[in-house]
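K.L.:
what's the 3D shape of this:
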Amino acid sequence: MDKSAMKQTVVLYPGVGVGHVGPMTQLAKVFLERGYDVTMVLIEPPIKSTDSGAGFIERVAASNPSITFHVLPPIPPPDFASSDKHPMLLMIPLMRQYNEKLESFLSSIPRERLHSLVIDMFCTVAIDVARKLSVPVYTFFASGAGAFAVIAQLPALLAGRQAGLKELGDTPLDFLGAPPMPASHLVRELLEHPEEELCKSMMNLWKGNTDTDGVLINTFEALESRAVQALRDPLCVPGQVLPPIYCIGPVVGKGARDQEKAARHECLAWLDAQPERSVVFLCWGSMGALPEEQLKEIAFGLEKSGQRFLWVVRTPAGSNDPKRYLEQRPEPDLDVLLPKGFLERTKDRGLVLKSWSPQVDVLNHPATGAFVTHCGWNSTLEAITAGVPMLCWPLGAEQKMNKVFITEDMGVGLELDGYRTGFIKAEEIEAKVRLVLESKEGSELRKRAVELKKEAEAALEEGGSSQEAFLQFLADVKNITA
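P.N.:
Numbering: from 1, shown residues only. Presented below is the predicted three-dimensional model:
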């Protein structure tokens, strides 16, 4: 990079929550490696809840001194708890209110120093600010190319429909770049009637992702070649030319593998004592809280399987509606949540953790042989870069779509039957855990997972597809500002 570029600042604007700030922090490191200054603009989490990730953001800021974190002056948030509206319908106008504060901050950076604004896929209301200031603006789409291809084609599918897609149930829908996708597997809010406020607002928000100067996607070409090809096809979205896409992933954390043993989490020492590829790791992401009845069923399944396990248990949510994200939940009481005597009976081959684990380190540990996951994209990429096959248990957001891509396109996972109805039986957990860890089919899955791990590594090497895509992105920004 030339000396003038060395002084350029990239401004990152993530949404609220761990699943957005986490990947954006990893993206910041990619820019730092190329010699750019990085400022991450945050808004005060409007909800201080178990799932909002307020404490996580403080930890991220403390552990990344090379990144400048700037919190916009707070705007009094709406009363999420007493409103009968979906939290997203309150969040979108709040984000729009922050545009003025964002504009003021961006204007404080000399224009020649301001390289670009990179926004999260939920921050598309900020596009107007970038356009007003003539700053190149790009989306960082923290999910995969497959999900992006489906979402890009949704407005055309919804146009003119007289009923919501919910009525189609599991009817498979055809999208360019994706396997047949059951209608029920789309993002839940987009299944409502197209004229309903929530569906309309969410669709407009998502549609904004194709209105930027380009889209940085957290994937690599070899992982999702079919979807990437579709996104580059002029016929992908009739009547619309999609912006350039740049597959720059996998952008994931490296964990604490290079830290001293003293700083290691207790579970890693436990894994050290287990045979290679013998442990199933169960974790449902930063917001995956299962009901008590389901936790007991998982316990029975793990006990019957006879396999080693490392299981992260979170306190169940008080309800299943969107308001659950407002809850403050205590640490889980394992004696209440799990079957009587379960911990004692399985202590020689299992470890249960409360609320959190160092997931990247666990997945990269030689003892880990399978991963029961909610199919969030961060977790999916972490499993792929570790070469660990997945047992898919999607819960919400775009996770059911991801499950289809993992099992049908990538070939590194199996579904746990019952996720569609919201309850998975002990027998299914027992059978699938055994299958992945013990059977020939399981060893084929592992083989495929290791192949993908190597392809992920190759994409990130000098001259690899993701490195080249990132360089192309930098060249394209230069052309916009020239």
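
K.L.:
every contact and neighbour count from this point should use C-alpha atoms.
P.N.:
OK.

K.L.:
which stretches in the stretch 151-300 of the chain count as strands?
P.N.:
Using DSSP state E, counting those that start in this stretch, the strands assigned to the stretch 151-300 of the chain run over residues 172-173, 181-182, 215-217, 245-247, 279-283.

K.L.:
can you check which of those strands gets nearest to residue 225?
P.N.:
Across the strands of the stretch 151-300 of the chain, residue 225 has its closest neighbour in strand 245-247 (10.2 Å, C-alpha to C-alpha).

K.L.:
what is the burial count for residue 354?
P.N.:
Neighbour count of residue 354, defined by other C-alpha atoms under 10 Å: 14.

K.L.:
mind listing what it touches?
P.N.:
Listed by C-alpha atoms under 8 Å, 6 or more residues apart in numbering, the contact set of residue 354 reads 312, 313, 314, 331, 332.

K.L.:
okay if I get those residues as JSON lines plus secondary structure and distance to residue 243?
P.N.:
Shown next, in JSON lines, are the contacts of residue 354 (DSSP: H, G, I helix; E, B strand; the rest coil; distance: C-alpha to C-alpha, whole Å):
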{"residue": "312", "secondary structure": "strand", "distance to residue 243": "40"}
{"residue": "313", "secondary structure": "strand", "distance to residue 243": "41"}
{"residue": "314", "secondary structure": "coil", "distance to residue 243": "40"}
{"residue": "331", "secondary structure": "coil", "distance to residue 243": "45"}
{"residue": "332", "secondary structure": "coil", "distance to residue 243": "45"}
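
K.L.:
quick one: which of these is the most crowded by neighbours?
P.N.:
Neighbour counts for these (other C-alpha under 10 Å) peak at residue 314, which has 28 neighbours.

K.L.:
counting neighbours, what do you get for the spatially closest residue to it that is not a sequence neighbour?
P.N.:
Leaving aside its sequence neighbours, residue 314 sits nearest to residue 355 (C-alpha to C-alpha, 6 or more residues apart in numbering; 4.6 Å). Neighbour count for residue 355, taken as other C-alpha under 10 Å: 19.

K.L.:
report pLDDT for residue 355.
P.N.:
We have a pLDDT of 86 for residue 355.

K.L.:
wait, it sits on residue 329?
P.N.:
No - counting by C-alpha atoms under 8 Å, residue 355 does not reach residue 329; the two are 10.5 Å apart.

K.L.:
name the residues contacting each of those two.
P.N.:
Listed as contacting both residue 355 and residue 329 by C-alpha under 8 Å, 6+ apart are residue 315.

K.L.:
can you classify residue 70 as helix, strand or coil?
P.N.:
strand (DSSP: H, G, I helix; E, B strand; the rest coil).

K.L.:
about what we covered before: separation between the residue nearest to residue 314 and residue 94?
P.N.:
According to C-alpha to C-alpha, to the nearest Å, residue 355 and residue 94 sit 30 Å apart.

K.L.:
please export the C-alpha coordinates of stretch 342-352 as PDB.
P.N.:
Provided in PDB are the C-alpha atoms of stretch 342-352 (Å, rounded to 0.1, in the frame of the first residue of the first chain):
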ATOM      1  CA  PHE A 342     -27.400 -37.200  34.900                       C
ATOM      2  CA  LEU A 343     -24.200 -35.300  35.700                       C
ATOM      3  CA  GLU A 344     -23.000 -37.900  38.100                       C
ATOM      4  CA  ARG A 345     -23.700 -40.800  35.700                       C
ATOM      5  CA  THR A 346     -21.900 -39.200  32.800                       C
ATOM      6  CA  LYS A 347     -19.100 -37.500  34.600                       C
ATOM      7  CA  ASP A 348     -16.400 -39.800  33.200                       C
ATOM      8  CA  ARG A 349     -17.300 -39.000  29.600                       C
ATOM      9  CA  GLY A 350     -19.100 -35.700  29.500                       C
ATOM     10  CA  LEU A 351     -18.700 -32.100  30.500                       C
ATOM     11  CA  VAL A 352     -21.600 -29.600  30.800                       C
END
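
K.L.:
give the next helix or strand downstream of the longest helix seen in the chain.
P.N.:
Secondary structure of the chain per DSSP state H: the longest helix is helix 440-460. Toward the C-terminal end, the helix or strand that comes next after helix 440-460 (DSSP states H and E) is helix 465-481.

K.L.:
how close does the residue lying closest to residue 151 once chain neighbours are set aside sit to residue 170?
P.N.:
Excluding its sequence neighbours, the residue lying closest to residue 151 (C-alpha to C-alpha, 6+ apart) is residue 206, at 7.2 Å. Distance, residue 206 to residue 170, using C-alpha to C-alpha: 23 Å.

K.L.:
and what of residue 117?
P.N.:
Distance from residue 117 to residue 170, counting by C-alpha to C-alpha: 39 Å.

K.L.:
which sections of the protein are below the confidence cut-off?
P.N.:
For the chain, applying pLDDT under 70 flags the ranges 1-6, 18, 48-55, 256-262, 318-328.

K.L.:
reformat the strands of the stretch 151-300 of the chain as JSON lines; add mean neighbour count and distance to residue 413.
P.N.:
Formatted as JSON lines, those follow (neighbours: other C-alpha atoms under 10 Å; distance: least, C-alpha to C-alpha, whole Å):
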{"stretch": "strand 172-173", "mean neighbour count": "16", "distance to residue 413": "20"}
{"stretch": "strand 181-182", "mean neighbour count": "18", "distance to residue 413": "17"}
{"stretch": "strand 215-217", "mean neighbour count": "24", "distance to residue 413": "22"}
{"stretch": "strand 245-247", "mean neighbour count": "24", "distance to residue 413": "22"}
{"stretch": "strand 279-283", "mean neighbour count": "25", "distance to residue 413": "13"}
